[in-house]
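Chemist: no sequence on hand, only this structure:
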């Protein structure tokens, strides 16, 4: 593979076309999921506030921002954390090797 003047692999026309297709596909997927982003945001604010504002492309968390103003109580949040711990225990057994990386 030929290298450019900086020592990186040179980009040819086919690579440029691949990148263009990938970026177009990413834009299409963002458009298709835009309706769900709002629903996921509402669910996160009610059940798992630390994931609020993580569904939107380019959104950055603001340090110190209050995210629990829509929570009625913490029972949904506690249950979702416990459920996640159960799934983690079932999917990643601690008594055996489950990945090689």
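Modeler: Nice, thanks for sending it over. Computed from a predicted structure; not experimentally measured.

Chemist: all strands for this protein, in order.
Modeler: Assigned by DSSP state E, the chain shows no strands.

Chemist: what helices and strands are in contact with the longest helix along it?
Modeler: Longest helix in the chain by number of residues (criterion: DSSP state H): helix 13-32. With contacts taken as 3 or more C-beta pairs under 8 Å, 6 or more residues apart in numbering; DSSP states H and E, helix 13-32 sits against no other helix or strand. C-beta here means a position set from N, CA and C on the backbone, and glycine is covered the same way.

Chemist: which residues touch that helix?
Modeler: Applying C-beta atoms under 8 Å, 6 or more residues apart in numbering, the external contacts of helix 13-32 come out as residue 57.

Chemist: begin at 27 from here
Modeler: Will do, 27 is the new start, and the previous item becomes helix 39-58.

Chemist: so who does the residue lying closest to residue 73 once chain neighbours are set aside touch?
Modeler: Spatial nearest neighbour of residue 73, excluding adjacent residues (C-beta to C-beta, 6 or more residues apart in numbering): residue 102 at 4.2 Å. By C-beta under 8 Å, 6+ apart, the contact set of residue 102 is 72, 73, 74.

Chemist: how close does residue 102 sit to residue 68?
Modeler: According to C-beta to C-beta, to the nearest Å, residue 102 stands 12 Å off from residue 68.

Chemist: avg pLDDT for stretch 109-127?
Modeler: Mean per-residue pLDDT for stretch 109-127: 81.
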